[in-house]
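In: okay, predicted coordinates and the sequence, questions at the end:
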Amino acid sequence: GDPDKDTDAYLRAPDADPRLLEIASKLGDPLRVATYVAFKQLHEKRQKEVLSLWRENIEVTDPIAGRLFKQNQSGIGAFLEDHPEFAKLVNWAQFILVSSIFARFGVQNPDGSLAVYLMSSAVRHSCRPNAAAFSLRRSYPWGRRLLHVTALEGVAKGEEITISEESESVLCLPFLERSTKLFAGSGVRCDCSRCLEEGALVKFKDMQDDQNEDEEQDEAWKPAPGPSIPETLSRLHALLAIRPPTDESTKEATICLKTLDKLLPFSMQIKAKAKVMLASALGELNNRAAWQEGNQGANIIQWTGLDAEGQEARLRETKRLYETAAKDFEYLLGQDALAVLQRIEAGYNTVRNQHKVVSKYTRDREPPPGSTVAGFRPEAATHPAAASTAAAATAAAAAAGADGSGNFSGGEDR
């Protein structure tokens, strides 16, 4: 429902103190008042659990929490100066604390409700997250918060679990630009491992520029050159927009995806969409190769034929792209990914079945173990089972959010 309407109805309930509605009106923040009222209605044990989220010295160890607490404190102080008649109606010290907890750790569920979770709400932000969180809303227990590991290498024993509180577009920015946009542009410094590493590199480069060191020392300390995230994304975008796709464009796009996995070693929707688009392009190549096999007399300008082994390898790669993209969407979106996964499945099932047929075809053509038959090799021909790959793959790419023009970054990540 509408959070504003629900909050207003909550404060106007027959058993509610009418003075609370007056406070909400004069404070100009009915949601904060309603949140505190809901907190006071919890069992004492639950109240203590919520308050425990505000750890000792959190204002020092968590700059965002400290800033929010000071804002709430100064805001309520000014309010009570203007309206001293409300000073004894509410435990304002506790009100400030609860407001700060929900401002820092509160999670807005898909239905618009606001909640805190004892575990996932305390998980810190990182620009190199290893997990993603989402709330259940279609099954029991409704509203439960789940964490999925999204780090490509998993989470090591003793490693801190982190999630991203920012959009993927912000995570793709270079350090200096990203720093200005983190935490709603508040200027609060991010102390995640990625920001510390990239910040140290930026500081070192500045020192090199200022100190005018000799060339040998510069070369010894200079970080290894490589493409930036924006450059790699731009190149990948251009490659996936090539129509019709070519062997060269798909190979280079595969390299770009591997580069992004090194630079951003965690699941992302932007990469999942690119994987589905690349799978679609490979399916189109398979389809074209099958047509060429049946029309060898045609004047073919762009040859994309493969022998049976090469075709099997391409189908295997197409299948892998669908599988990893599906996992990415599932881990990042949870139940909201169901519609996308169902459509991707159609393209995946077609490729999987074709891969089984071609794999069997390839195995059947292999010489018996120990055979010395001279000149034996699989024919340089494409198995006809590939003929229907492109249509299913194109439909799956559309379902994943691609528009056929290489635009895999459209739409805000959830």
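Out: Right, received. Where do you want to start?
In: only C-alpha atoms for contact and neighbour calcs from this point on.
Out: Fine.
In: other SSEs contacting the strand or helix carrying residue 76?
Out: Using DSSP states H and E, residue 76 maps to helix 63-82. Under the contact definition 3 or more CA pairs under 8 Å, 6 or more residues apart in numbering; DSSP states H and E, helix 63-82 sits against helix 58-61, helix 92-105.
In: to residue 13, which of the ones you listed lies closest?
Out: Closest approach to residue 13 among the helices and strands packed on helix 63-82 (CA to CA): helix 92-105, 20.4 Å.
In: so residue 260 makes contact with residue 229?
Out: Yes: Residue 260 is within contact range of residue 229, at 6.9 Å (criterion: CA atoms under 8 Å).
In: I'd like to know which helix or strand in this protein has the lowest mean pLDDT.
Out: helix 215-221 (a mean of 49; mean pLDDT, DSSP states H and E).
In: how far off centre is the host helix or strand of residue 283?
Out: Using DSSP H and E, residue 283 sits within helix 269-294. Distance of helix 269-294 from the chain centroid (CA atoms, centre = their mean, to the nearest Å) equals 23 Å.
In: what's the following helix or strand after it?
Out: helix 308-333.
In: check the offset of that following helix from the chain's centre.
Out: So, by CA atoms, centre = their mean, the centroid of helix 308-333 is 18 Å from its chain's centroid.
In: just checking, what packs against that helix?
Out: strand 131-135, strand 145-149, helix 269-294, helix 338-364.
In: got the angle between the third one and helix 308-333?
Out: Right, the one you point to is helix 269-294. 160 degrees (axes from the mean of the first three to the mean of the last three CA atoms, to 10 degrees).
In: the longest one too?
Out: Relative orientation of helix 338-364 with respect to helix 308-333: 160 degrees, computed using the same axes, to 10 degrees.
In: helix 338-364: how far from the chain's middle?
Out: Using CA atoms, centre = their mean, the offset of helix 338-364 from its chain centre is 26 Å.
In: list the buried ones in that helix?
Out: Neighbour counts over helix 338-364 (16 or more other CA atoms under 10 Å) mark 340-341, 343-345, 347-352, 354-355, 357-359, 361-362 as buried.
In: same thing with the third one?
Out: Going by neighbour count (16+ other CA under 10 Å), the buried part of helix 269-294 is 269-293.
In: residue 42 versus residue 69, what's the distance?
Out: 22 Å (CA to CA, to the nearest Å).
In: angles on the backbone of residue 108, please.
Out: For residue 108, the backbone dihedrals are phi -90, psi 120 (criterion: degrees, to the nearest 10).
In: residue boundaries of the helices in the stretch 101-250 of the chain?
Out: 168-171, 175-185, 193-211, 215-221, 229-240, 247-263 (DSSP state H, counting those that start in this stretch).
In: most neighbours per residue, which of those?
Out: helix 229-240 (a mean of 19; mean count of other CA atoms under 10 Å).
In: out of the helices and strands packed on helix 63-82, nearest to residue 36?
Out: Across those, closest to residue 36 is helix 92-105 (CA to CA), at 6.3 Å.
In: buried ones in that closest one?
Out: So for helix 92-105, counting by 16+ other CA under 10 Å, buried means 92, 95, 96, 97, 98, 99, 100, 101, 102, 103, 104, 105.
In: would you turn the residues you listed into CSV with distance to residue 25 and pLDDT?
Out: CSV is the format used below for these (distance: CA to CA, whole Å; pLDDT from 0 to 100):
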residue, distance to residue 25, pLDDT
92, 16, 96
95, 16, 95
96, 17, 95
97, 20, 96
98, 19, 95
99, 17, 94
100, 20, 94
101, 22, 93
102, 20, 91
103, 19, 89
104, 23, 88
105, 25, 87
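In: if we can go back for a sec, and the helix holding residue 76, how far from the chain's centre?
Out: Offset of helix 63-82 from its chain centre (CA atoms, centre = their mean): 33 Å.
In: what's the angle between that helix and helix 92-105?
Out: 140 degrees.
In: quick one: mean pLDDT for helix 63-82?
Out: The average pLDDT within helix 63-82 is 92.
In: now do stretch 280-298
Out: The model assigns stretch 280-298 a mean pLDDT of 74.
In: again, but for stretch 200-211
Out: 72.
In: same thing with stretch 150-169?
Out: Per-residue scores along stretch 150-169 average to 92.
In: what does that stretch contact?
Out: 123-133, 149, 182-183, 261, 265-270, 328, 331-332, 412-414 (CA atoms under 8 Å, 6 or more residues apart in numbering).
In: excluding chain neighbours, give the residue nearest to the spatially most central residue of the chain in space.
Out: The centre of the chain sits closest to residue 268, judged by CA atoms, centre = their mean, with a distance of 3.4 Å. Closest residue to residue 268 apart from its sequence neighbours, by CA to CA, 6 or more residues apart in numbering: residue 328 at 6.6 Å.
In: I'd guessed that neighbour sits against residue 270; true?
Out: No: using CA under 8 Å, residue 328 makes no contact with residue 270, being 9.8 Å away.
In: quick check: buried residues in the helix holding residue 76?
Out: 64, 65, 66, 67, 68, 69, 72, 73, 76, 79.
In: then the strand or helix carrying residue 31 to PDB, C-alphas only?
Out: Under the criterion of DSSP H and E, residue 31 resides in helix 30-40. Output of helix 30-40 as PDB, limited to C-alpha atoms (Å, rounded to 0.1, in the frame of the first residue of the first chain):
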ATOM      1  CA  PRO A  30       4.600  11.100  10.700                       C
ATOM      2  CA  LEU A  31       6.700   8.000   9.600                       C
ATOM      3  CA  ARG A  32       9.200   8.600  12.300                       C
ATOM      4  CA  VAL A  33       6.500   9.000  14.900                       C
ATOM      5  CA  ALA A  34       4.600   5.900  13.700                       C
ATOM      6  CA  THR A  35       7.900   3.900  13.700                       C
ATOM      7  CA  TYR A  36       8.500   4.800  17.400                       C
ATOM      8  CA  VAL A  37       4.900   4.000  18.300                       C
ATOM      9  CA  ALA A  38       5.300   0.600  16.600                       C
ATOM     10  CA  PHE A  39       8.500   0.100  18.600                       C
ATOM     11  CA  LYS A  40       6.800   0.800  21.900                       C
END
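In: buried residues in the helix or strand following it?
Out: Sequence order places helix 44-51 as the next helix or strand after helix 30-40, per DSSP H and E. Under the neighbour-count criterion of 16+ other CA under 10 Å, helix 44-51 has residue 50 buried.
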